[in-house]
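# Return atomic coordinates for the entry below.
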Amino acid sequence: MSKIFTIKITPVIKPFMRAKMTRHHSVCKYRNGSTYEYSPYRYGKPQCGRVYSYHDTDETVAERQPHIDRFVEIVEKVHAKARDRFFAFYSDYNQDDEIIRVYAPYPTLAPNATKTVYSQRKHQHDAHVVFLDEIKSKMRIQYNNMLCALQRGDYQIANDSLYRLNKYMFDLQSMCRPDHHEVIFKGKNNPLTANRK
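This next block holds a predicted model:
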């Protein structure tokens, strides 16, 4: 049995945001019978509270941009290494070799209509391709959402975004590694299980 090789990765953290978005009164569209109406209250009910919208200022945009630039640079490096591991892991991959069987589900009605059953490795390869294509934009959007939530003072949404970012980072760092590689976060607390009750 090969020795376990541990890779320690740095978790994504929430930066301290000093600038605050401006809050303005807004309206809510709700259904009243068969018609739609607008109200300054949620669901058209005063007891549900007022509706607000948050707007950026020059200070909030300027404060977010350096954080986003640094984060995108880190993600680019991690993504490049994950792509290298992907191509090395699937260097001998051939889709024709992953065919388990080909059969005709309706032999009497449509004998020429065949269905191909592929192996689990083919499905895993396709999932990794989609993951690598989408992960950079997902992480950039999620990080921007977290910064906006911090500037609004909505810390529950910021914590949700932080969890997703750490999950994305963990999946990206763990992808296509050998079985004896173990990926863990630096520090005492695992950010994926820290808030578990």
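
# what residue of the chain is the furthest out?
Here the chain reaches farthest from its C-alpha mean at residue 108, the gap being 45.8 Å by Cα atoms, centre = their mean.

# Starting from residue 73, give me the distance back to that one.
Distance, residue 108 to residue 73, using Cβ to Cβ, to the nearest Å: 60 Å. Just so you know, the C-beta spots here come from the backbone N, C-alpha and C atoms, and that holds for glycine as well.

# element containing the residue farthest from the centre of the chain?
Using DSSP states H and E, residue 108 maps to neither a helix nor a strand.

# what number of residues lie near residue 14?
Counted with other Cβ atoms under 10 Å, the neighbours of residue 14 add up to 16.

# repeat for residue 86
18.

# List the residues that contact the residue nearest to it when sequence neighbours are not counted.
Nearest non-adjacent residue to residue 86, counting by Cβ to Cβ, 6 or more residues apart in numbering: residue 176, 5.1 Å away. Neighbouring residues of residue 176 by Cβ atoms under 8 Å, 6 or more residues apart in numbering: 82, 85-86, 88-90, 128.

# Same question for the helix or strand where residue 137 lies: list its buried residues.
Secondary structure assigned from DSSP H and E places residue 137 in helix 120-152. Of the residues in helix 120-152, 122, 125, 128, 131-132, 135-136, 139, 142-152 count as buried by neighbour count, 16 or more other Cβ atoms under 10 Å.

# just so I have it, where are all the strands in this structure?
Listed from the start of the chain, the chain has strands (DSSP state E) covering 5-9, 22-25, 28-32, 35-39, 52-55, 99-103, 115-118, 181-185.

# tell me the angle the fourth one makes with strand 28-32.
So the one you mean is strand 35-39. Going by axes from the mean of the first three to the mean of the last three Cα atoms, to 10 degrees, strand 35-39 is angled at 140 degrees with respect to strand 28-32.

# Can you list the helices and strands that strand 35-39 packs against?
Contacts defined by 3 or more Cβ pairs under 8 Å, 6 or more residues apart in numbering; DSSP states H and E place strand 35-39 against strand 28-32.

# List of residues touching the strand it packs on?
36-44, 51.

# Would you format those as a markdown table with pLDDT, neighbour count and distance to residue 162 included?
Formatted as a markdown table, the contacts of strand 28-32 follow (pLDDT from 0 to 100; neighbours: other Cβ atoms under 10 Å; distance: Cβ to Cβ, whole Å):
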| residue | pLDDT | neighbour count | distance to residue 162 |
| --- | --- | --- | --- |
| 36 | 93 | 9 | 36 |
| 37 | 92 | 12 | 37 |
| 38 | 94 | 11 | 34 |
| 39 | 93 | 17 | 33 |
| 40 | 93 | 14 | 32 |
| 41 | 93 | 15 | 31 |
| 42 | 90 | 14 | 26 |
| 43 | 88 | 13 | 29 |
| 44 | 88 | 16 | 34 |
| 51 | 93 | 17 | 26 |
